[in-house]
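Chemist: build me a model:
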Amino acid sequence: MNTVSIVLVSHSEEIARGLKKLLEQVQPGVAIAACGGMDGEIGTNAFAIKEAIESVYSEKGVLVLFDLGSGYLNTEMAIEMLDNQENIKISDAPLVEGAYAAAVESGIGGSLEEVLKASQSAKEYRKIPN
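Modeler: Numbering: from 1, shown residues only. So this is what the prediction gives:
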């Protein structure tokens, strides 16, 4: 099945890999790339993010989620370095909950816009009832 792919950008390699593992168990048919850390340390790298996007690029689209501010800046730079910038969106969503919602929506065949919307709806999730 051709689905929207997901790229996870975290300052921690372990967080990115662990979240990828979780999402692959939820939706094994969705291509997911984890991009985290920088040379074994904390950080993000625009070149590594670019490679991650290219590794899972789908004509249906790629959604990138990130954890902290410089992850966003490096994701923007990575996209600018790509020859083909079409069908790539950055989600302003909490990383874990947003990625989970995105993976579910992608796995059921959602469009890039639907996957983006699902991820961003995670901002409204309540984990503890009033």
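Chemist: now Ser106: how far from Pro94?
Modeler: From Ser106 over to Pro94 the distance is 17 Å, taken as CB to CB, to the nearest Å. Backbone N, C-alpha and C define where each C-beta goes, glycine included.
Chemist: tell me which of those two has more neighbours.
Modeler: Neighbours were tallied for Ser106 and for Pro94 using other CB atoms under 10 Å; the higher tally belongs to Ser106 (30 against 17).
Chemist: and the gap between the more buried one and Tyr72?
Modeler: Distance from Ser106 to Tyr72, by CB to CB: 21 Å.
Chemist: please apply the same query to Tyr57.
Modeler: Applying CB to CB, the value for Tyr57 to Tyr72 is 20 Å.
Chemist: if I look at the residue nearest to His11 when sequence neighbours are not counted, how far off is Asn84?
Modeler: For His11, ignoring the flanking residues on the chain, the nearest one in space by CB to CB, 6 or more residues apart in numbering is Ile42 at 4.9 Å. Ile42 is 30 Å from Asn84, where distance means CB to CB.
Chemist: cool, and Gln120?
Modeler: According to CB to CB, Gln120 and Asn84 sit 24 Å apart.
Chemist: these two: which has the busier surroundings?
Modeler: Gln120 (17 against 11).
Chemist: that one reaches Ile90, doesn't it?
Modeler: No. Using CB atoms under 8 Å, Gln120 makes no contact with Ile90, being 10.6 Å away.
Chemist: surely Ser119 is in a helix?
Modeler: Yes. Under DSSP: H, G, I helix; E, B strand; the rest coil, Ser119 falls within a helix.
Chemist: contact partners for it?
Modeler: By CB atoms under 8 Å, 6 or more residues apart in numbering, the contact set of Ser119 is Leu63, Leu65, Ser91, Ala93, Gly98, Ala99, Ala101, Ala102, Glu105.
Chemist: so who does the closest residue to the last one other than its chain neighbours touch?
Modeler: Nearest non-adjacent residue to Glu105, counting by CB to CB, 6+ apart: Ala118, 3.8 Å away. Taking CB under 8 Å, 6+ apart as the criterion, Ala118 is in contact with Ala101, Ala102, Val104, Glu105, Gly110.
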